[in-house]
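Chemist: Here is a sequence with its predicted model. Questions after.
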Amino acid sequence: MMDLRTHPKCVLTLAFLVAVPLSAQGQGEGPPLPPNPSGSSPPRLEDPPPAMPPPDNAGEPKVVAPPEQSLASQSPFANLMAPTVGHLFPRADYRAGWFPDEPVRGQPTNLGYVQQSLSFNTPFWQDGPEEWAGSVHVQNELFHTSAILPDSRMPFPQDLWNIRLGTSYRHLFDNGWIAGGTLSVGSASDEPFHSIKEMTFGVNAFLRIPQGEHNAWLFSLNYSPTSEISFPIPGIAYVYQPSENFRANIGLPFALMYRPIDDLTLDFSYMLLRTVHAKASYRVYGPIRMYGGFDWSNESYFLADRANENDRFFYYDKRLSGGMQIFFSKGALLDLSAGYDFDRFYFQGAQYADNHHDRIDVGNGPFAGLRFEMRY
């Protein structure tokens, strides 16, 4: 287990990340959060979740997707592709995860880490058919290990950072079409902003074309240098929503929501190439929900001392998780989770096919997570 007394950087980071979201509580009460039946992901923190789904515009058809849909299970386009414009709220989100020491295959050492992230999203301007917003995301992972990358003989990084500033814009046209996009700039590295080679630039664009009262065509283009596929990915999907209890995004990205009874919600989503999310959640009493799920995901960074500037430092894992969410009336959510992390490995290369190079396999083991969100 990591001893925080011997890691002053960990202590400072914890103090900073905890203090900011707590200070946000005094900035206004705002509308309450609705109950959330689908839970939140275990502490996979590389992407800040989208803003809370907005209320319906007056005079427009009711959106049949459940308003309490999981924030963390949505894709990065979820808020962009919402069928309403001009109903954004400031929101702060803090997450932390603890992954105890587990053995490193082929090396006489263990690996454990603490993972934290802080996100803040706020509208800059929203007037009628237009909205403009901004976001800040800071993620940190502090490792406890003496592992060595076996091919390059580099020491395993002691910490990894993903820092990102972003802005988004959406416009609702007279014919009901909605178009928009996001721009982001940041750095994902063990030494963020060490040079231009460790900086990241991301672009998303989308178009939503309504079909009837509830259905729609979604067209998108997504580029992120830290995604599994580091070139622009086009997407096309058809949103089919025959009732309040069923919604399917048929295409790319693929997503499915089914609510067989009022208190039970089932979610599934897939994105190229190895990103899978499945979750079931149940309202047990009032604002309290229990959930369980499976996630297969990945993240990547640009190490400052890498020999090839095209290489990235990848991490892949699969997780079984369960937890409890408590929704408070003043726009706050507390999420406590735990689970089992398995099929875990790191490697350095330009793509997944390079997963034999500098590979570090970490033993399976438990994890625990905490999340606090406030909308005001």
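Modeler: Perfect, I can see it now.
Chemist: wait, is Arg170 part of a strand?
Modeler: Yes: per DSSP: H, G, I helix; E, B strand; the rest coil, Arg170 lies within a strand segment.
Chemist: could you list every residue that touches it?
Modeler: Neighbouring residues of Arg170 by Cβ atoms under 8 Å, 6 or more residues apart in numbering: 80, 85, 130-131, 178-180. In short, each C-beta sits where N, CA and C put it, glycine included.
Chemist: Derive a ChimeraX selection command for the buried subset of these.
Modeler: Listed next is the ChimeraX selection for buried residues among those, using 16 or more other Cβ atoms under 10 Å:
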select :80,85,131,178,179,180
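Chemist: can I assume Pro83 sits in a helix?
Modeler: No: Pro83: not assigned to a helix; according to three-state DSSP it is coil.
Chemist: now it: how far from Asp127?
Modeler: Separation of Pro83 from Asp127 (Cβ to Cβ, to the nearest Å) stands at 18 Å.
Chemist: Compare these two (neighbour count), which wins?
Modeler: Pro83 (22 against 9; other Cβ atoms under 10 Å).
Chemist: Quick check: pLDDT value at the residue lying closest to Asn310 once chain neighbours are set aside.
Modeler: Of all residues not flanking Asn310 in the chain, Ala350 sits nearest, at 4.9 Å (Cβ to Cβ, 6 or more residues apart in numbering). On pLDDT, Ala350 comes in at 94.
Chemist: my guess is Ala350 meets Asp311, correct?
Modeler: Yes: counting by Cβ atoms under 8 Å, Ala350 touches Asp311, with 5.8 Å between them.
Chemist: Can I get the host helix or strand of Val138 as CSV, trimmed to CA atoms?
Modeler: Assigned by DSSP states H and E, Val138 belongs to strand 130-145. Coordinates of each C-alpha in strand 130-145 appear next as CSV, following Å, rounded to 0.1, in the frame of the first residue of the first chain:
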residue,chain,number,x,y,z
GLU,A,130,-27.2,29.1,-29.4
GLU,A,131,-25.0,28.0,-26.5
TRP,A,132,-21.2,28.3,-25.8
ALA,A,133,-19.5,26.5,-22.9
GLY,A,134,-16.1,25.7,-21.5
SER,A,135,-14.5,22.9,-19.5
VAL,A,136,-11.4,22.1,-17.4
HIS,A,137,-10.2,18.6,-16.7
VAL,A,138,-7.3,17.5,-14.5
GLN,A,139,-6.4,13.9,-13.9
ASN,A,140,-3.5,12.4,-12.0
GLU,A,141,-2.3,8.9,-11.3
LEU,A,142,0.4,8.4,-8.6
PHE,A,143,2.1,5.0,-8.8
HIS,A,144,3.9,2.9,-6.2
THR,A,145,6.3,0.6,-8.0
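Chemist: I'm done for today, thanks for sticking with me.
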